[in-house]
Structure formats: structure tokens, C-alpha cells
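J.: Please work out how this folds:
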Amino acid sequence: MPSFFHAFLSPIQRWARMTAVTFGAAAISLIIPGCADRATPQDEAPDGQKSAAGDTRQETDAKPALTVAIITPQTSEWPRMLTANGNVAAWQEAVISTEVSNLRLTDVKVNVGDRVRKGQVLARIASDTVEAEVSQAKASVAEAEAMLSEARANGDRARQYQKTGFLSAQQINQYLTAEKTAVARLNAARARLHSEQLRLAQTVVRAPDDGVISARAATIGSLAQPGQELFRLIRGSRLEWRAEVSAADLGKLRPGMAANLTTPEGERVQGRVRMVAPTVDPQTLNGLVYVDLPAAVTEKGLRAGMFARGEFELGRARAMSLPQSAVVLREGFSYVFLVDGATGDVQARVRQVKVAVGQRKGDQIEILQGLQPGSRVVAAGAGFLADGDAVRVLAAPTAVSQNR
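T.: You can find the predicted model right below:
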């Protein structure tokens, strides 16, 4: 029995000894910090390899972000422009109607968009009734003429015997009065005839001036009424631009100044200021500026009622500008990058500078504030740069050409 227990306990004792050794090593590692973290000689890199890696990292940090060319802005003469919006409208729009009443329209000869000449027939109204009244008026004139002829003969005879006493004074006075009455009746008959002839002429609706038909309300079979609109006519085919300008800018505009509009097709149309409104809208604080447009403007796409954008040329002034490629728009602000360093210097640095921009002319942008005339600015590729980036300067400063 003792030999059996001894054989059974031997593995247990060996396992206990191994466990004790393991816990002892762990305790030593806790007592001596950093002992387990020491790198083995195999994990450490040679000194030569570590130096080479450091040099590569330094070369990467020193490498320029971009090779750039630099330019300097130049001051030149720029036109001063005032931008405005407004509607295109007819210079004068004539309302064409008739004076006859309760007569039927029998013919309409024009439609919207037709060009007409002064006196051209636009529509016809039934004239049978008016023609009959004209004939009746002519008969009345003939009757009045006959009565006047008889009254005039009696009046001549009365004047002949007035001194002889052959006729009494009362009878002579009757003859002379009848003659005057006959003259008055003839004049009244003629006036009525003239009135009926005018009504007959008004049954033909004619164009009051040259122009373009802009609206048509006349339809065949409808009854014409006095003052009822039949057509609208743009007189002379002339259009004007009614620009809305703020009250602060109205004083800068004068009749005769040039104004440029842009058509929906992209063509530019030049007009002239005809009149500046003497009043300002109290709600919008804007005043109207009336600009005459050339007669052929409709061929370039402008129509009455269109909304248009244009510019007034106020004069010329000195301005500093840069090409559009040198100006970067970030977060709603405009920036340029100034270069600090010599030509070919790989250590040149750029500084981001905020600028205020003005109007544009072609690919040039006016610089209002934030830049000096002799500043060295990155010409292109500024959108790929950040403040403090290293760059290689490719060329010496060049002036921006303004001869456009």
C-alpha cells in the first residue's frame, strides 16, 4: 500500500512544483517593473538602418507641396459699372378700339405678333346700318339745299322791293327770316351727314401708328362697344428697360449714359438712359430708370415683359486686378497666396491672405483690399495649397496684362 500511494502522489507533486515556479516568476516581474518589456537583441534595429529611416522622413517633410509661378497685380483703367435688374416693357402701348356701338365684327385681319403700318386695316365692322343712315343724311342735305334755294329767291325779291314799298315790312321780314332758317337747316343737315360719314369710317379699324400687335381681343361675330379694347399695339416696335436702382445710386445716373443688357441667349444689347424717375417707391426704396433699346432688339431675344439684368457705365477709374486662377474662394471669402522666398528656392513658403474683390472683366478680378501692388502672388493652383506650405518658385514675378 505505501508503494501504491507513493506512485499516485508523484505526478501531483511535480505539478505543484511547476505551478510554484510559474507564480514566482510572475511575482518577480511585478516587483521589477520593465523587466518583461525589454526588447531582445533580435528586435532592435541596427544603428545604420535607424539613421537611414530618419533621413528619409526629413526629406519627405522638406519636399515642396507644389511648384508654382508667381505674378504681381498691376493697376490699370477699369470701367465703373452699376448693376441693376428690371423688366423690359413697351415704350408706348396703344389701345385700339372703336366708337361705334352695337355693331357686329365681320372681319379680323391681324393677329398677335403681326407688324403693321400706320393706316393698315386691322378689322371691319358691319356697316349696313351706318350706310343707310348716311344715305338718309344725304337726302336731308339735298332737301335742305332745295329749301334754301327757294328761301334765297324770296329773300332776294324782298330785298329788291324793300325800298319801293311794293311789299310790306312784315312780309319782307318773313322772307329774310325764312332764308336764314333754310341756311341753318342746310348746315345742320350737312353736319349730320358728316357725323354719319365718320361713323361709317369707324366701321373700319385701322392702325394708328407703325408697330407690333401685342394683344388681340377682337373676335368675329362679337358686338363692338365704344371704348372696348380690340387690339394693343407697341408703337414703333420700341422697347425700353425699366431698371430698378436704389435711391443711393439714382444720383449717379444721367440721361444719355450707356447701359448694357444681356439677353437670354447671351447676347449683349446696348441702350441709352432716356429718363431717371423723379420719385422713389417708399416700400422698396428703389427708383425706375428708363433705358431706350434699339429697334432690332426683338431679333436678339428680348420681349416685352421679360426680366433682364444689366449694367450702367458710370465712367472709368484705376483698379488693381489678378487673374481668376490666383483667387481662391473658401467658406464664402476670397483668398490669395503670397510667396516668401527666392526663385528656385525649395524652402519658399506661402501665406494665405484674405482679400476683398470687386467686379470682373473677362478672367480678371478686381482686388479692392488686402493686397499691395507689388505683392508676389501664386498665379495658379492656389486651390491645392494651405497656409504655410512649402513650394518651389518656378519663375520670376510677372505683371498681369491689362490690355484687353
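J.: tell me the contacts of Leu293?
T.: Residues near Leu293 by Cβ atoms under 8 Å, 6 or more residues apart in numbering: 88, 238-241, 261, 269, 271, 302. No exception for glycine: its C-beta is placed from N, CA and C like everyone else's.
J.: quick check, nearest of those to Val116?
T.: Comparing the contacts of Leu293 against Val116 with Cβ to Cβ places Arg238 closest, at 14.3 Å.
J.: Would you agree the closest one is in contact with Glu93?
T.: No: with contact defined as Cβ atoms under 8 Å, Arg238 does not count as touching Glu93 (10.2 Å).
J.: higher neighbour count, the two?
T.: Taking other Cβ atoms under 10 Å, Arg238 and Glu93 do not tie; Arg238 has more neighbours (17 against 14).
J.: State the distance from the more buried one to Val134.
T.: According to Cβ to Cβ, to the nearest Å, Arg238 and Val134 sit 38 Å apart.
J.: can you check Val68 too?
T.: From Val68 to Val134 the distance is 91 Å (Cβ to Cβ).
J.: tell me the domain ranges of this structure?
T.: Domain segmentation of the chain under automatic domain parsing yields 66-77+318-399, 83-91+238-316, 97-231.
J.: Centre-most residue in the chain?
T.: For the chain, the residue nearest the mean C-alpha position is Arg309 (2.2 Å; Cα atoms, centre = their mean).
J.: How about the contacts made by that one?
T.: With contacts defined as Cβ under 8 Å, 6+ apart, Arg309 is in contact with 83-85, 261-262.
J.: what stretches of the stretch 51-200 of the chain score poorly on pLDDT?
T.: 51-65, 165 (pLDDT under 70).
J.: Walking through it, point out its helices one by one.
T.: 128-160, 169-201 (DSSP state H, counting those that start in this stretch).
J.: what's the answer for the stretch 201-350 of the chain, then?
T.: Using DSSP H, counting those that start in this stretch, helices in the stretch 201-350 of the chain cover 247-250.
J.: quick one: low-confidence ranges for it?
T.: 298-299, 341-347.
J.: Output stretch 378-396 as CSV, restricted to C-alpha atoms.
T.: Output of stretch 378-396 as CSV, limited to C-alpha atoms (Å, rounded to 0.1, in the frame of the first residue of the first chain):
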residue,chain,number,x,y,z
VAL,A,378,0.8,82.4,-56.7
ALA,A,379,-0.5,82.5,-60.3
ALA,A,380,-2.3,79.2,-60.5
GLY,A,381,-3.0,76.1,-58.4
ALA,A,382,-3.8,78.0,-55.3
GLY,A,383,-6.7,75.7,-54.5
PHE,A,384,-4.2,72.9,-53.7
LEU,A,385,-2.3,75.0,-51.1
ALA,A,386,-2.7,75.7,-47.4
ASP,A,387,-1.3,78.4,-45.3
GLY,A,388,2.5,77.7,-44.6
ASP,A,389,3.0,75.1,-47.3
ALA,A,390,6.5,74.8,-48.8
VAL,A,391,6.6,75.5,-52.6
ARG,A,392,9.2,75.7,-55.3
VAL,A,393,9.1,79.1,-57.2
LEU,A,394,9.2,78.4,-60.9
ALA,A,395,9.5,81.9,-62.4
ALA,A,396,10.2,85.5,-61.5
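J.: Sweet, I'm off.
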